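Q: have a look at this prediction, sequence included:
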Amino acid sequence: MSLWTKLVNFVEGVDEETQLKDLHEEELRIASAALLINAGSIDGNFDPNEKHKVKALLQRRFDLSSDELKRLFQDASAEERDAVDLYRFTKVLCRELDQDGRKRIVEMLWEVVMADGVVDEFESNLVWRVAELIGVSTRDRVILRKMVEARLAN
């Protein structure tokens, strides 16, 4: 069911509680995916390793089928292209996730930017900005970076 259909059903009062939960979950998926796609492409080169990492993280995090993953990736790519800032995505993460969930997003961002073996200044700056916007401390951001680096070194 598309986001638009869910919104129409919500406005029309079709099982409001379920529709609201579905709408929030879809927003969370799109926001998360758009930020990960941004992380993979911000350096001007969406490397195949980064793209694969984004898809693997989304599939695992949201337990998606192949078709659901394909649709989410397409929808989030379009949202990311149209976005003028990060706030439209980070506000959803702040609303929908607790602190542990927000830290997991930062960890996922590090996994994406490190997937091609190079972390450039644009990528590092993006992770810093997202972490600040979703309330993940500098200390936690650095710890998460070191955790991902250690995992990749093995």
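A: Right, received. Where do you want to start?
Q: what's near enough to touch the residue lying closest to residue 47 once chain neighbours are set aside?
A: Spatial nearest neighbour of residue 47, chain neighbours left out: residue 116 (4.0 Å); criterion: CB to CB, 6 or more residues apart in numbering. Quick note: C-beta positions are derived from backbone N, CA and C, even for glycine. Residues counted as contacts of residue 116 (CB atoms under 8 Å, 6 or more residues apart in numbering) are 45, 47, 49, 50.
Q: secondary structure class for the first one?
A: Pointing back at residue 45 there. coil (DSSP: H, G, I helix; E, B strand; the rest coil).
Q: host element of the closest residue in space to it that isn't next to it in sequence?
A: Using CB to CB, 6+ apart and skipping residues adjacent in sequence, the residue nearest residue 45 is residue 116, 7.8 Å away. Remark: residue 116 resides in no helix or strand, with elements defined by DSSP states H and E.
Q: give me the pLDDT for residue 116.
A: Predicted confidence (pLDDT) for residue 116: 92.
Q: distance check, it against residue 143.
A: For residue 116, the distance to residue 143 equals 22 Å [CB to CB, to the nearest Å].
Q: ok, residue 87 next?
A: 25 Å.
Q: residue 135 too?
A: 15 Å.
Q: do residue 129 as well
A: According to CB to CB, residue 129 stands 18 Å off from residue 143.
Q: cool, residue 29 as well?
A: 26 Å.
Q: the two: who's more crowded?
A: The neighbour comparison of residue 29 against residue 143 (other CB atoms under 10 Å) goes to residue 29, with 22 against 15.
Q: now the host helix or strand of that one: mean pLDDT?
A: For residue 29, the element it lies in under DSSP H and E is helix 16-41. Helix 16-41 shows an average pLDDT of 85 in the prediction.
Q: what's that helix packed up against?
A: Applying 3 or more CB pairs under 8 Å, 6 or more residues apart in numbering; DSSP states H and E, we find helix 16-41 packed against helix 3-11, helix 48-62, helix 66-82, helix 87-96, helix 99-113, helix 121-133.
Q: for the residue positioned nearest the centre of the chain, which non-adjacent residue is closest in space?
A: In the chain, the residue lying closest to the centroid (CA atoms, centre = their mean) is residue 32, at 2.0 Å. Of all residues not flanking residue 32 in the chain, residue 105 sits nearest, at 6.3 Å (CB to CB, 6+ apart).
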